[in-house]
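missing the sequence, but the structure's below:
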């Protein structure tokens with residue numbers, strides 16, 4: 001089997017997964033990465049400020 005053929009199949013799989021999310025350009029990939037990072041930061045903030053306080057595990061003075 002040709003080495004270039006072996007490499008193209010995994011690349012095709014990765015590209016098809018990205019295309020399934022509608023990401024077809026580098027700008028869209030960067031926007032998706034920024035979205036994921038922003039959601040992680042928001043989730044961390046909600047956990048620290050809201051959820052942890054509701055569970056009673058906040059700072060005890």
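All right, it came through fine. Please read these numbers as outputs of a predicted model, since none were measured by experiment.

this protein: helices as residue ranges?
3-20, 26-46, 52-54 (DSSP state H).

in TSV, list these along with mean pLDDT.
Written out in TSV, the entries for those read as follows (pLDDT from 0 to 100):
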stretch	mean pLDDT
helix 3-20	71
helix 26-46	93
helix 52-54	79
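
roughly how far apart are the most centrally placed residue in the chain and residue 23?
Averaging the C-alpha coordinates of the chain gives a centre point, and the residue nearest to it by Cα atoms, centre = their mean is residue 36 (4.2 Å). Counting by Cβ to Cβ, to the nearest Å, the gap from residue 36 to residue 23 is 12 Å. Yep, even glycine has a C-beta here, placed from its N, CA and C like the rest.

same question, residue 34
Look at residue 34 and residue 23: by Cβ to Cβ, they are 12 Å apart.

tell me which of the two has more neighbours.
Neighbours around residue 34 and residue 23, counted as other Cβ atoms under 10 Å, are more numerous at residue 23. The numbers are 17 against 10.

so that one touches residue 30, yeah?
No: using Cβ atoms under 8 Å, residue 23 is not in contact with residue 30, being 9.6 Å away.

for the closest residue to residue 29 other than its chain neighbours, give its distance to residue 39.
The shortest distance from residue 29 to any non-neighbouring residue, by Cβ to Cβ, 6 or more residues apart in numbering, is to residue 23 (5.3 Å). Taking Cβ to Cβ as the measure, residue 23 falls 16 Å from residue 39.
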